[in-house]
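K.L.:
Coordinates for the following, if possible.
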Amino acid sequence: MIAVEAVESSQVEPSQIELTQAEYERYSRHLILPGVGLGGQRKLKAAKVLCVGTGGLGSPVLLYLAAAGIGRLGIIDFDTVDVSNLQRQIIHTVAGVGQSKAQSAKERIAQLNPHCQVDLYEAPLNASNALEIIANYDVVVDGTDNFPTRYLVNDACTLLDKPFIYGSILWFEGQVSVFNYQGGPTYRDLFPEPPPPGAVPSCAEGGVLGVLCGVIGSLQATETIKVILGIGDTLSGRLLLYDALKMKFRELKLRPHPDRPVIKELIDYEQFCGITQAKNQEQKMHSEIPEITVQELQELLTQQPQQTLLVDVRNPGEYEVAYIAGAVLIPLPDLEQGVGLEKLDQILGDKQLLVHCKSGVRSLKALHLIKEKTGRVGTNVKGGILAWSREIDPAIPQY
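P.N.:
Sure thing, here's the model as predicted:
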């Protein structure tokens, strides 16, 4: 069942839409702008835009589209606001922590532009509801951070012939394009096949420069407005790449691939992207790798410090933020490349091997790799350093 708060609006031609006196004043800088003017502002007011996600990208997208006078905004998000979101998700505030992101975004939009109608969909977008939801909008903006949803949105937009404004960020880099617009390329022309699960870290795993979201999200909002107004040259057929460290933009040409499969229906995108298989593999690893709680870890470190080796497989930057005293840092990438296995072999001896990470996922992968490459069986620390901070030592920062 879709949790939706929406008010149906009738189909009205932009030329028939009137602006109120308050809107004339609010949009005065648009009204005198060549390429927008009164006709363009009417188009913006008549437009219906769906934003999938209210995170780092969705925040600036929604704020700028609302400010620009988009008449109807749809928001899909079923998450809640967390303190860690506020570094980049500027539509949310401290007062909204713990609140539904969709509701938080709606309240902020109402403060910015009460003339904008907002529809809320507080449920995951999936193959069973995507066509029904997206059919109600003119343009769809991607504010997600996962591949199954991107392929789902792309395929739904292809079936419904809706423009898809794409954006993606990681670390200090971002990219933007316009898909499925006037016969142009789709997301599947850029990525015919999804990468293996875990090959591209999420922002929660790899981090992201907060202001990068503003740059990429603003570009997405710009492309959305251009598509609605029918002005300028959109990024259809072009992939814009941004490197914040070098302060450089690059552009790659995109063309429809002649062998691109014809989308006839929506599919199981978790399975298509290997997520289902990865979850099954993770369950299998859980059954093969022993696990201890942080309380049991504390007992071992206290009573048998000389007989145990605690290995931390997070990245050096994470270790600098928070660490368990006595843990040896051997990042997972080092283990995968072999150099970490050599270091482990030198210091392990006949000690009991215990491995932890942030939450217990990477450490499980590390132990599976160690067992596969060396035959040594270690023990995973359930919940990782986050559980240690919550249950053993609250002085260790949560991140």
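
K.L.:
What ranges does the stretch 101-250 of the chain have for its strands?
P.N.:
Remark: strands assigned in the stretch 101-250 of the chain by DSSP state E, counting those that start in this stretch are 117-121, 139-142, 164-170, 173-179, 238-243, 248-253.

K.L.:
which residues sit in contact with the residue positioned nearest the centre of the chain?
P.N.:
Residue closest to the mean C-alpha point of the chain, counted by CA atoms, centre = their mean, is residue 145 at 2.0 Å. Residue 145 makes contact with 53, 55-56, 202-203 under the criterion CB atoms under 8 Å, 6 or more residues apart in numbering. Quick note: C-beta positions are derived from backbone N, CA and C, even for glycine.

K.L.:
since we're on residue 323, how many residues are nearby?
P.N.:
Using other CB atoms under 10 Å, residue 323 has 16 other residues around it.

K.L.:
Go ahead and name everything in contact with stretch 328-340.
P.N.:
By CB under 8 Å, 6+ apart, stretch 328-340 touches 309-316, 319, 323, 341, 343-344, 347, 357, 362, 365-366, 369-370.

K.L.:
Just give the closest residue to residue 106, not the sequence neighbours.
P.N.:
Nearest residue to residue 106 in three dimensions, chain neighbours excluded: residue 118, at 4.7 Å (CB to CB, 6 or more residues apart in numbering).

K.L.:
Was I right to think the one you found contacts residue 75?
P.N.:
Yes. At 6.4 Å, residue 118 counts as touching residue 75 under the criterion of CB atoms under 8 Å.

K.L.:
intersection of neighbour lists for these two?
P.N.:
Contacts common to residue 118 and residue 75, judged by CB under 8 Å, 6+ apart, are 105-106.

K.L.:
Spell out the secondary structure type for residue 78.
P.N.:
At residue 78 the chain is in coil, as set by DSSP: H, G, I helix; E, B strand; the rest coil.

K.L.:
just for the stretch 1-150 of the chain, where's the confidence low?
P.N.:
Within the stretch 1-150 of the chain, the segments meeting pLDDT under 70 span 1-11.

K.L.:
90 instead?
P.N.:
Applying pLDDT under 90 to the stretch 1-150 of the chain flags the ranges 1-16, 145.

K.L.:
follow-up on the earlier one: comparing residue 118 and residue 75, which shows the higher neighbour count?
P.N.:
residue 75 (27 against 22).

K.L.:
and whichever helix or strand the more buried one is part of, how far out from the chain's middle?
P.N.:
For residue 75, the element it lies in under DSSP states H and E is strand 72-76. Here strand 72-76 is found 17 Å from its chain centre; the criterion is CA atoms, centre = their mean, to the nearest Å.

K.L.:
I'd like the distance between the residue nearest to residue 106 and residue 110.
P.N.:
The spacing between residue 118 and residue 110, counted by CB to CB, to the nearest Å, is 7 Å.

K.L.:
what's the answer for residue 344, then?
P.N.:
Counting by CB to CB, the gap from residue 344 to residue 110 is 55 Å.

K.L.:
Determine the longest helix present in this structure.
P.N.:
Ranked by residue count, the top helix of the chain under DSSP state H comes out as helix 210-229.

K.L.:
elements contacting that one?
P.N.:
helix 37-46, helix 58-68, strand 139-142, strand 164-170, strand 173-179, strand 238-243 (3 or more CB pairs under 8 Å, 6 or more residues apart in numbering; DSSP states H and E).

K.L.:
Looking at residue 344 and residue 110, which has the bigger crowd around it?
P.N.:
Applying other CB under 10 Å to residue 344 and residue 110 shows that residue 344 carries more neighbours, namely 23 against 13.

K.L.:
Enumerate every residue touching residue 149.
P.N.:
Neighbours of residue 149 in contact, by CB under 8 Å, 6+ apart: 52, 125, 269.

K.L.:
The stretch 201-350 of the chain: helices as residue ranges?
P.N.:
203-206, 210-229, 269-272, 275-288, 294-303, 316-321, 332-337, 339-348 (DSSP state H, counting those that start in this stretch).

K.L.:
can you pick the most crowded of the contacts of residue 145?
P.N.:
That'd be residue 56 among these, by other CB under 10 Å, with 29 neighbours.

K.L.:
Name the nearest residue to it, sequence neighbours excluded.
P.N.:
residue 213 (3.4 Å).

K.L.:
Roughly how far does the one you found sit from residue 352?
P.N.:
43 Å.

K.L.:
Among the two, which residue is more densely surrounded?
P.N.:
residue 213 (26 against 13).

K.L.:
okay, now the domains of this structure?
P.N.:
4-278, 289-391 (automatic domain parsing).

K.L.:
quick one: which of the ones you listed is nearest residue 397?
P.N.:
Closest of the domains of the chain to residue 397 is domain 289-391, at 4.8 Å (criterion: CB to CB).

K.L.:
So what's the gap between that closest one and the chain middle?
P.N.:
The answer for domain 289-391 is 28 Å, by CA atoms, centre = their mean.

K.L.:
Straight-line length of it, end to end?
P.N.:
23 Å (CA to CA, to the nearest Å).

K.L.:
Low-confidence ranges, the stretch 151-300 of the chain, go.
P.N.:
For the stretch 151-300 of the chain, the ranges with pLDDT under 90 are 193, 195-208, 257-261, 275-288.

K.L.:
change it to 80
P.N.:
Low-confidence segments of the stretch 151-300 of the chain, defined by pLDDT under 80: 198-199, 201-206, 281-282, 284-286.

K.L.:
Apart from its chain neighbours, what residue comes closest to residue 96?
P.N.:
Nearest one to residue 96, counting by CB to CB, 6+ apart, is residue 104 at 3.9 Å.

K.L.:
Now for that neighbour, how many residues are close by?
P.N.:
If we define neighbours as other CB under 10 Å, then residue 104 has 24 of them.

K.L.:
right, and it touches residue 92 too?
P.N.:
Yes. Contact criterion CB under 8 Å: residue 104 and residue 92 qualify, at 5.0 Å.

K.L.:
Spit out the residues that contact the two alike.
P.N.:
By CB under 8 Å, 6+ apart, the residues touching both residue 104 and residue 92 are 54, 81.
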